[in-house]
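Visitor: Just a sequence and a predicted model for now, questions to come.
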Amino acid sequence: MEPGTLLYDPATVKVGEYQDHLGKYAMLRPVGGGTEWSADPKTLRPPTDSERVRAGVRAANRQSLNTPGNNCQLPPLEPAIDLNVPPRPYPNCATCDELATLRRAAAKEHDYSAATDANVLLRRHHAQAHPQRTTEDPAE
């Protein structure tokens, strides 16, 4: 067995990534990371599609919760913003005005890729230059 191979352990009713052998046992760890466990290699089998998907969903849920004890290394997810609403420039900010002007010019030329790029740059500028503001609406 190759390290990283997904296997179903019927004793624990879990899918794990094969790590190595330790004596007569196979060492598995949860998909996405976590504490290893030992399993009888004679009982292991490849997971079904639904078992593999279920293990992936569990891993994604552990990462999104990011609670102590679940061994997640990822930071919590950022709050979602509506990307269909273009960011508005903050008052009296030359960089915001410049990026908004670029976005308007691109939209006028029907260059939607450049308009999207301007939106990305404006949102990045908001995060760096105006971190105290937490909303998309500069008037709030």
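Guide: Received it, and whenever you're ready, just let me know what you need.
Visitor: Quick check: longest strand in this structure by residues?
Guide: Of all the elements of type strand in the chain, the one with the most residues (DSSP state E) is strand 14-22.
Visitor: Distance check, A118 against Y112.
Guide: When distance is defined by C-beta to C-beta, to the nearest Å, A118 is 10 Å away from Y112. Where C-beta positions appear, they are placed from N, C-alpha and C, glycine not excepted.
Visitor: More neighbours: these two, which one.
Guide: A direct count of neighbours by other C-beta atoms under 10 Å for A118 and Y112 places A118 higher, at 23 against 10.
Visitor: who touches that one in this structure?
Guide: A118 makes contacts with L99, A100, L102, R103, A106, as judged by C-beta atoms under 8 Å, 6 or more residues apart in numbering.
Visitor: Please apply the same query to D117.
Guide: Contacts here follow C-beta under 8 Å, 6+ apart; on that basis D117 touches A106.
Visitor: That one and H110, how far apart?
Guide: Taking C-beta to C-beta as the measure, D117 and H110 are separated by 14 Å.
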